[in-house]
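Novice: Whatever this is, show me its structure:
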Amino acid sequence: MEISFPKYFKYTIILLGLVLLIWFLQTFKSILVPICFSGLFALLLVPLCERLEKWRIPRPVAILICIIVVIAFLGGLIWLLSSQLIGFIQELGTLSDKVNEYIQKVQVFLLKNFGIKPTNGREFLTKNIGSLQQTGTTILTGTLSLTTGALSVLTIIPIYIFFMLYYRDHFRRFMFKFITRDKRSTLITTIDNIQKVVESYISGLIIVIVIVALLNITGLMIMGVPYAVFFGIFASILTIIPYIGILIGAALPALYTLVQTGSLVDAIIVIGIFAFVQFLEGNFITPNITGSKVSINPFAAVLALIIGGEIWGAAGMILSIPIIAILKVLFDAYEPLEPFGFLLGDINSNSEKPNVFTTLSDRVKTIFNLKKEKEEQDKVSK
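Specialist: Next up, the predicted model:
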């Protein structure tokens, strides 16, 4: 006999399951975060590893080559950003003096025109602007200490990547153990489709970030903005946050340009550069590279960033967009969960515009089929 439970009991169980899931993710953060990063890198390296294996390179050697390429790329990127970031933090002291001059000018203007008494600008700077230097130094030293303390984790991730790539066929056979033989072909097709879509989305997202970073850096260098590399890469990474990311990414270099040069026009031009790059990214770069295979709507992306930050901190914010993209692919592949995939998807990707030629051809086919059915009915009646 089947036991039927009331709906409120089912919903209570679902809520308890979500609470236990969040508790599990937070409790085992030190184990799950390296595994998630390793899985993400493993998915990205599968095509390269398979290509090296086709060239008759042994799988262990091919995997080691892939890992060395990733380490070299990330090491160069971190070195480039750290040098720019150190110089930017050291310059915050001189920037605070310039900001103090602007505040005094604004206070004099308000006193002459509106009779508003000036406040202590230096005290304001000491509490707010001046604290940026101390905060930046604290973040930098904290990052260095965290890096030295997390060397064990950084050594574990390449090991995880190696074994995930080496035993990827074994993991696939492991999943076959849960289903019957007649359904394994369907599972193979589903797994291959999911893997291809996830690989194309994540690799396409990285390509988009690189292209946007190059465009941002080029525009800022033409304007002569210092630390163009840092500002350009920082803004390109934030493009994964729809609409909001470009505002955050453009605000920092625009304010820096305004304080450094004192020209409002230059600051507006900097914002215009980022807006133009964002226009290119949204209308030409992303559609042509990642396509419409996986398209996350802005609300789901922002919500994923907030939840990821609350659960796993900065690592959760980095992993949130790829994880939600993978979930959407899984939801779309599994029919009972397809509505959730539709909910996560973008409106433009969910509602495809009908093609005029396709609609016309469908109508012609329908008319032709109706005529054919009528002729067959006439033959039968005779």
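Novice: Give me the buried positions along stretch 22-38.
Specialist: Neighbour-count burial for stretch 22-38 flags 25, 32-34, 36-38 (criterion: 16 or more other Cβ atoms under 10 Å). Every C-beta, even on glycine, is put in place using the N, C-alpha and C of the backbone.
Novice: actually stretch 315-326, not the one I typed
Specialist: Quick answer for stretch 315-326 (16+ other Cβ under 10 Å): 315-326.
Novice: Filter those residues down to the ones in helices?
Specialist: Within the buried residues of stretch 315-326, residues falling in helices by DSSP state H are 315-326.
Novice: Which one of these is nearest to residue 77?
Specialist: residue 318 (13.7 Å; Cβ to Cβ).
Novice: And the strands in the stretch 251-382 of the chain?
Specialist: Ranges of strands within the stretch 251-382 of the chain: none, based on DSSP state E, counting those that start in this stretch.
Novice: show me where pLDDT drops low in it?
Specialist: Applying pLDDT under 70 to the stretch 251-382 of the chain flags the ranges 290-294, 348-382.
Novice: returning to that earlier point: pLDDT and secondary structure for the buried residues of stretch 22-38 - can I get that in a markdown table?
Specialist: What follows is those, written out as a markdown table (pLDDT from 0 to 100; DSSP: H, G, I helix; E, B strand; the rest coil):
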| residue | pLDDT | secondary structure |
| --- | --- | --- |
| 25 | 90 | helix |
| 32 | 90 | helix |
| 33 | 88 | helix |
| 34 | 90 | helix |
| 36 | 89 | helix |
| 37 | 88 | helix |
| 38 | 90 | helix |
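Novice: Format those as TSV; extra columns: distance to residue 88.
Specialist: Listed next are these as TSV, based on distance: Cβ to Cβ, whole Å:
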residue	distance to residue 88
25	34
32	33
33	28
34	30
36	30
37	27
38	32
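Novice: Identify, from those, the entry nearest to residue 220.
Specialist: residue 37 (29.8 Å).
Novice: from memory that closest one sits against residue 319, does it?
Specialist: Yes: between residue 37 and residue 319 there is a contact under Cβ atoms under 8 Å: 7.1 Å.
Novice: Which member of the buried residues of stretch 315-326 is positioned nearest residue 180?
Specialist: Each of the buried residues of stretch 315-326 was checked against residue 180 using Cβ to Cβ; the closest is residue 326, at 26.1 Å.
Novice: got the contact list for the closest one?
Specialist: Contact partners of residue 326, counting by Cβ atoms under 8 Å, 6 or more residues apart in numbering, are residue 198.
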